[in-house]
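Chemist: Have a look at this fold, sequence not included:
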């Protein structure tokens, strides 16, 4: 599968990664080569094979009682944050204010 | 002193030949002397180390000559910088976490601390554990002590180099596609990836959650057994941790291996294997035959899909795991973000290196609408076939015997321009994590003065058998005692 400039930009947007214009051709080439390499898996006959999500197939998700067992030391955990105020993490304004222009016309869908 | 193994140093401590403080200072001096050349440590923690050493000496004073109770008490080790260490920088080899001081300890770190080990610092690694050469680290390339123009392997290149150059006698690593075993092979040390679920992943920065495992790296199987004994065990904080007792790995070392059957998978001995490497493997086979082991040809028919399957599954899981790095709660944040989207994109664009970005994008693509079935779901099915190959093989053989890497250490820069050529250096190590199986690499000879590693793979939870098989080999061979030049 060969990826175009637009493909690379779309994937980068999905992954919220800024890629410099000048680097797009290299990413396009490398990603296309990797995808071509990966496509070998198509040859394998997987009719009636169950997908394997992880190696512990006999085990089910361990559950625990819905009881609070940890202390959350917010002061300690927030001491390493880039920007906080009154126990809140600060980010650029999300609600209200100027709507920003996204690079994409429509938001690409993520898999269900 | 630096020629001694962890086991020998433990005896020395028990016999009061030296104190833990003296031992710790000795290795701290070695790190000071050689780290500039090797670049294997990102952070060195002398004050903390000496504090831990003092506490260990106090504990040792109470033990009084009961050698088998010393265990790891007072022994110096290093942690790969992927393990969260409370109050200490934990960078994962990345600019994204260059400013991250972990507020908690990983379970592996806690376990080793409780066992009395003394942590001297955090070792260098490929960024976010993605790499096979330790060339992708934000902190620069690690050099192989055997030839400074060659790579030590990766992603646990720093730990491998530190042990190989005897800057520490033991270290922790992690293995997702071969990141303990391949660097162990390239640097002439012993390194093991346990069964998935054997060692807790709590506090171990996640790369690919269905593959990642922590493991020991040291000169010998005996030392790895000492480390693994402390590292392993059920952890309530890790939902993929297995509730299975940890057997006595040290006891198991002594078992006879006569009459065991080792499988030689024909797919691992075909085209890709350098003939000089094959010669080392043959010699090792002869040594094992003399110990009474039978060898049997087996087939792992889906071997050729291992690397491509891994390069769907691991990037897919990493794209999910690395989505937490958003500049909001911790870690790197770009300057003057204009809006939320800009915050995310520039933080991640600037904070991650190109290999990490490449893998995130492959993963994102493989999971995206319209491609999920063709890539991720298909890869999971082929993964099942690979696991089934091993299951069938272990009905016929006890352990599987292969080379660890197709060539000895390659030159710095040789493969970094071609991602796929780099990925193929994991060709022999990559199947074990896909099947969740334990595997170990150990020194088996030299080619042009560069070490060659041999790999044994076992069935689930057969760590004891693997350590036993390597220990017996190390009783009658001396490859593992060879040291690089210029480290005196």
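Modeler: Yes, it's here. Just so it is clear, the model here is predicted, and its values are computed rather than measured.

Chemist: For chain A, just list every one of the helices.
Modeler: Taking DSSP state H, the helices of chain A run over residues A:5-14, A:24-38, A:74-78.

Chemist: Distance to residue B:237 added to those helices, as CSV?
Modeler: C-beta: built from backbone N, CA, C; applies to glycine. Output for these, formatted as CSV (distance: least, Cβ to Cβ, whole Å):
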stretch, distance to residue B:237
helix A:5-14, 31
helix A:24-38, 34
helix A:74-78, 16
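
Chemist: Please tabulate those helices in a markdown table, including the columns distance to residue B:220 and mean pLDDT.
Modeler: Below are those laid out as a markdown table (distance: least, Cβ to Cβ, whole Å; pLDDT from 0 to 100):
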| stretch | distance to residue B:220 | mean pLDDT |
| --- | --- | --- |
| helix A:5-14 | 46 | 96 |
| helix A:24-38 | 37 | 94 |
| helix A:74-78 | 40 | 93 |
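
Chemist: Residue B:277 is nearest to which of these?
Modeler: Among those, the nearest to residue B:277 by Cβ to Cβ is helix A:24-38 (23.4 Å).

Chemist: Now do the end-to-end distance for stretch B:422-440.
Modeler: Using Cα to Cα, to the nearest Å, one end of stretch B:422-440 lies 21 Å from the other.

Chemist: chain center to it, what's the gap?
Modeler: Its chain's C-alpha centre and that of stretch B:422-440 lie 12 Å apart, by Cα atoms, centre = their mean, to the nearest Å.

Chemist: same deal with stretch A:3-20?
Modeler: 12 Å.

Chemist: what about that stretch, near chain B?
Modeler: Yes. Interface with chain B: stretch A:3-20 contributes A:8, A:11-12, A:14-20 (Cβ under 8 Å from any Cβ of the partner chain).

Chemist: now, which of the residues you listed sits nearest residue B:212?
Modeler: residue A:15 (20.4 Å).

Chemist: Skipping adjacent residues, who's closest to the closest one in space?
Modeler: Counting by Cβ to Cβ, 6 or more residues apart in numbering or on different chains, residue B:364 is the residue found nearest to residue A:15 once chain neighbours are left out, at 4.4 Å.

Chemist: So which bits of the stretch 351-488 of chain B are right by chain A?
Modeler: B:352, B:354, B:357-358, B:360-362, B:364-369, B:371-372, B:374-375, B:377-385, B:387, B:419-420, B:423, B:434-437, B:460.

Chemist: I only care about these that end up buried; give me the ChimeraX line for that.
Modeler: In ChimeraX, a selection of the buried entries from these looks like this (16 or more other Cβ atoms under 10 Å in any protein chain shown):
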select /B:352,357,358,360,361,362,364,365,366,367,368,371,372,374,375,377,378,379,380,381,382,383,384,385,387,419,420,423,434,435,436,437,460
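
Chemist: Would you agree residue A:40 is in contact with residue B:306?
Modeler: No. Using Cβ atoms under 8 Å, residue A:40 is not in contact with residue B:306, being 10.5 Å away.

Chemist: Among the two, which residue is more densely surrounded?
Modeler: Neighbour count, other Cβ atoms under 10 Å in any protein chain shown: between residue A:40 and residue B:306, residue B:306 has more, with 26 against 14.

Chemist: give the contact list for the closest residue to that one other than its chain neighbours.
Modeler: Nearest residue to residue B:306, sequence neighbours excluded (Cβ to Cβ, 6+ apart): residue B:431, at 4.4 Å. By Cβ atoms under 8 Å, 6 or more residues apart in numbering or on different chains, residue B:431 lies in contact with B:300, B:303, B:306, B:386, B:390, B:457.

Chemist: what number of residues lie near the fourth one?
Modeler: It refers to residue B:386. A count of nearby residues for residue B:386, using other Cβ under 10 Å, gives 23.

Chemist: residues contacting the residue in chain A that chain B sits nearest to?
Modeler: Chain B sits closest to residue A:55 of chain A, with a gap of 2.3 Å, by Cβ to the nearest Cβ. Listed by Cβ under 8 Å, 6+ apart, the contact partners of residue A:55 are B:196-197, B:210, B:387, B:434-437, B:460.

Chemist: Please tabulate the helices of chain A in CSV, including the columns distance to residue B:146 and mean neighbour count.
Modeler: CSV is the format used below for the helices of chain A (distance: least, Cβ to Cβ, whole Å; neighbours: other Cβ atoms under 10 Å in any protein chain shown):
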stretch, distance to residue B:146, mean neighbour count
helix A:5-14, 39, 18
helix A:24-38, 30, 18
helix A:74-78, 43, 12
